[in-house]
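Asker: pasted the sequence and its predicted model underneath.
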Amino acid sequence: MNIYVIMKRTFDTEERLSVSNGRISEDGAEFIINPYDEYAIEEAITIRDAEGGEVTVVTVGGEESEKELRTALAMGCDKAVLINTEDDLDEGDQYTTATILGEYFKGKEVDLILGGNVAIDGGSGQVGPHLAELLDIPYVTTITKLTIEGNKATIVRDVEGDQEVIETTLPLLVTAQQGLNEPRYPSLPGIMKAKKKPLEELELDDLDLNEDDVEAKTKTLEIFLPPSKEAGKVLQGDIEDQVKELVSLLRTEAKVI
C-alpha cells in the first residue's frame, strides 16, 4: 500500500506562549508534531505493518520542519518529504497548504492519506477535506477506528458524543481523532535509523507553482490571549443565607436569572 501522512509543525501549547504585535512570538517557543497528526502517523505505521507497503510523511513549511519529519521517521515512517516554502511565501493559510499538497499528490499512486483532525494552533480542520476534494477521492473526518480489508475501508467516526460507522473504498483520505490509537515514542534504534532514511526537499518551482497560485484566501488580523479570570467569591453563613446570596448575585451581578 502507498500510505501518506500529511503532517504539520505546531507550537507546543503545553509550554508557555507569548503574544507580541498580534502574533505568537516564536522566540523561545517549543515546536512539536501536531498531536492529532501523531495519531495519523501511528495508524499509518500500524496499517503498513499489517498490509505491507510504505509510509511517506509530508509537510509544508520551512527548514526547521526537518526536525519534526525526522521524529516521524524515528517513529517508523519510511520516507519524508519537505515542501519548503520559506523563500517563496510570507503568509499562507489552509487554502495555500491544500493547494500545494494537491499539486504534490497529482499523478502519484495513493491508496491512503491520513492527517490530524485539526491542528492545535489553528483548529480549522480544513486542509484534509480540501485536499481530498482536489484529488477527487472520498474522505472521512474525526475517525476513531479504521479497518482495511482489500480495497474496502470500514471506519468509525466521532459525531458529537456518538459514533457512526462508514464503509467506503480506497483511495481514501481520513483525519484522526483522539482515541484512534496510542502514538508510540521514537525508540533509540528508530532515532538512529531515521538519520539514514530518505528526506526529500521540494520547492514550489518543483511543483510548477508560483506564489500567486497559492496566495492565501484569508488573513489573520490579530491573535490575543483570553482575559485573566477574576477570583471566585466564597459565600459565608449557613446554607439558607448562602442560597439567598447566591440567588441575589445571579440576578444582580451575573444577570442570568
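Answerer: Arrived safely, thanks for sending. Residues are numbered from 1 along each chain as shown.
Asker: check what contacts the longest helix seen in the chain and list those residues.
Answerer: Looking across the chain with DSSP state H, the single longest helix is helix 35-51. Here helix 35-51 makes contact (CB atoms under 8 Å, 6 or more residues apart in numbering) with 1, 3-8, 33, 54-55, 57, 72, 75-78, 112, 114-120, 146, 148, 175-178, 180-184. C-beta: built from backbone N, CA, C; applies to glycine.
Asker: now, which of those lie within strands?
Answerer: Taking DSSP state E, the ones among these that sit in strands are 3-7, 33, 54-55, 57, 112, 114-116, 146, 148, 175-176.
Asker: which among these count as buried?
Answerer: Neighbour counting by 16 or more other CB atoms under 10 Å classes 3-7, 33, 55, 57, 112, 114-116, 146, 148, 175-176 among the ones in strands among the contacts of helix 35-51 as buried.
Asker: what is the nearest of these to Glu63?
Answerer: Proximity of those to Glu63 (CB to CB) peaks at Met7, which lies at 15.4 Å.
Asker: what bridges to that closest one?
Answerer: Thr59 (DSSP bridges).
Asker: what residues are up against it?
Answerer: Shown in contact with Met7 (CB under 8 Å, 6+ apart): 33-34, 37, 40-41, 57-59, 68-69, 72, 115-116.
Asker: with pLDDT and distance to Thr169 added, can I get the residues you listed in CSV?
Answerer: Converted to CSV, these look like this (pLDDT from 0 to 100; distance: CB to CB, whole Å):
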residue, pLDDT, distance to Thr169
Ile33, 96, 29
Asn34, 95, 28
Asp37, 97, 24
Ala40, 98, 20
Ile41, 98, 23
Val57, 98, 24
Val58, 98, 23
Thr59, 97, 27
Glu68, 97, 31
Leu69, 97, 30
Ala72, 97, 27
Gly115, 97, 19
Gly116, 96, 23
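Asker: closest one of the residues you listed to Gly190?
Answerer: Closest to Gly190 out of the contacts of Met7 is Ala72 (10.3 Å), distances taken as CB to CB.
Asker: can you give me the neighbour number for that closest one?
Answerer: By other CB atoms under 10 Å, the residues close to Ala72 number 28.
Asker: can you check the pLDDT for Ala216?
Answerer: pLDDT recorded at Ala216 is 90.
Asker: now do the contacts for it.
Answerer: Glu91, Gly92, Asp93, Tyr95, Thr96.
Asker: with those residues in mind, which one is nearest to Leu250?
Answerer: Ranked by distance to Leu250 (CB to CB), the contacts of Ala216 are led by Asp93 at 42.1 Å.
Asker: give me the phi and psi for the residue nearest to the closest one when sequence neighbours are not counted.
Answerer: For Asp93, ignoring the flanking residues on the chain, the nearest one in space by CB to CB, 6 or more residues apart in numbering is Ala216 at 4.1 Å. Backbone torsions for Ala216, taken as degrees, to the nearest 10, come to phi -60, psi 140.
Asker: what about Ala216, distance to Ser124?
Answerer: Using CB to CB, to the nearest Å, one gets 13 Å for the distance from Ala216 to Ser124.
Asker: before we move on, the earlier item: buried ones among the contacts of Ala216?
Answerer: Gly92, Asp93, Tyr95, Thr96.
Asker: now flag whichever of those residues is closest to Pro129.
Answerer: Set against Pro129, the nearest of the buried ones among the contacts of Ala216 by CB to CB is Tyr95 (12.0 Å).
Asker: hmm, who's touching the helix or strand hosting that closest one?
Answerer: Using DSSP states H and E, Tyr95 sits in helix 94-105. Here helix 94-105 makes contact (CB under 8 Å, 6+ apart) with 4, 6, 58, 60, 81, 83, 85, 89, 113, 122, 124, 126-127, 130-131, 134-135, 202, 204, 207-209, 213-218.
Asker: among those, which ones are in strands?
Answerer: Of the positions in the contacts of helix 94-105, Tyr4, Ile6, Val58, Val60, Val81, Ile83, Ile113, Leu202 sit in strands, assigned by DSSP E.
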